[in-house]
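Student: dropping a prediction and its sequence here:
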Amino acid sequence: MKVRNLILFGPPGAGKGTQGKRLSEALGIPQISTGEMLREAVLWKNPLGREAERIMERGDLVPDALIVGIVRDRLARDDCLGGFILDGFPRTLAQARALDSLLADAGRAAIQVLSLEVPEAELVERILSRREGRADDTEEAVRKRLEVYRRETRPVLDHYGEAVRSIDGVGTVDGIAERVQRSLAA
Ligand code: AMP
C-alpha cells in the first residue's frame, strides 16, 4: 500500500482534529496531534506539561526544540512506517525544516500537505461555540492563536510549494471529508 506522509494544515478552528480523525480511520495510519499530546502532558503534570501549560493558555507556541523532540520520538514508532497524519505540526518554518531533515535522515517518503481553508470570521465563531472546554478557547487566547497563525504558521505553506493541496474547509463534516478524500485521490 502507498505510504502517505501527510500534514493536515490550517488555522485554529479549521477542523484539523475532526478531519484528521476521519482520515486516520479511512487510511489506517495514525493521526499525530501535537496539541493533544501537549494537553495530555498538562493533565499528567509531567515536566513537559508544566512547561507548556502557561504558554498554551496564552495562545502562544511552545518552543520549537521541545515540540520537535516530541514529534521525532513519535515518528520513530513502528505504527508510522506506513504513513502518518500530522495535525498541528509544523507551525513554524524552523519546525518544517526540522521535519524535512528527520524524514530525509530516515529515508522516508515525501510530505504531502492538505490545507483546510476557512475564512477568519468563521474560525472565531466556530471556536467560541465549541464545547470542549479547552483552556485556550477564551476570546483573548483565540485572537492570539489566530495572530500567531498568521505571523508564524501560514508562511510555512510557502515552504511546501507544489506539495500543497488546498481544500475548501467550509461546510458539513461529511462534505469536507469527501473533499479531503478527493484531493488525495487526485
Ligand atoms: P492545537 O490543539 O493544535 O490547537 O494546539 C494547542 C496549543 O498547543 C497551541 O496553541 C500551542 O500552544 C501548542 N502547540 C500545539 N502544536 C504546536 C506546535 N507544533 N508548535 C508549538 N506549539 C504547539
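Tutor: Right, received. Where do you want to start?

Student: so the residue of the chain found nearest the ligand is in which element?
Tutor: In the chain, the residue that lies nearest the ligand is residue 35 (2.0 Å; CB to the nearest ligand atom). The C-beta positions use only the backbone N, C-alpha and C, and glycine is treated the same way. Assessed by DSSP states H and E, residue 35 sits inside helix 34-44.

Student: show me what counts as buried in that helix.
Tutor: Of the residues in helix 34-44, those buried by neighbour count under the rule 16 or more other CB atoms under 10 Å are 34, 35, 37, 38, 39, 41, 42.

Student: before we move on, what about stretch 79-92?
Tutor: Within stretch 79-92, the residues scored as buried using 16+ other CB under 10 Å are 80, 83, 84, 85, 86, 87, 88, 89, 90, 91, 92.

Student: distance to the ligand, secondary structure and pLDDT added to these, as a markdown table?
Tutor: Converted to a markdown table, these look like this (distance: CB to the nearest ligand atom, whole Å; DSSP: H, G, I helix; E, B strand; the rest coil; pLDDT from 0 to 100):
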| residue | distance to the ligand | secondary structure | pLDDT |
| --- | --- | --- | --- |
| 80 | 17 | helix | 96 |
| 83 | 19 | strand | 96 |
| 84 | 14 | strand | 97 |
| 85 | 13 | strand | 98 |
| 86 | 9 | strand | 98 |
| 87 | 7 | strand | 98 |
| 88 | 3 | coil | 98 |
| 89 | 4 | coil | 98 |
| 90 | 6 | coil | 98 |
| 91 | 4 | coil | 98 |
| 92 | 7 | coil | 98 |
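
Student: for those residues, which two are the farthest from each other?
Tutor: Based on CB to CB, the longest span within the buried residues of stretch 79-92 runs between 83 and 92 and measures 23.3 Å.

Student: if we can go back for a sec, and the gap between the closest residue to the residue of the chain closest to the ligand other than its chain neighbours and residue 78?
Tutor: Spatial nearest neighbour of residue 35, excluding adjacent residues (CB to CB, 6 or more residues apart in numbering): residue 88 at 4.6 Å. From residue 88 across to residue 78, the span is 22 Å (CB to CB, to the nearest Å).
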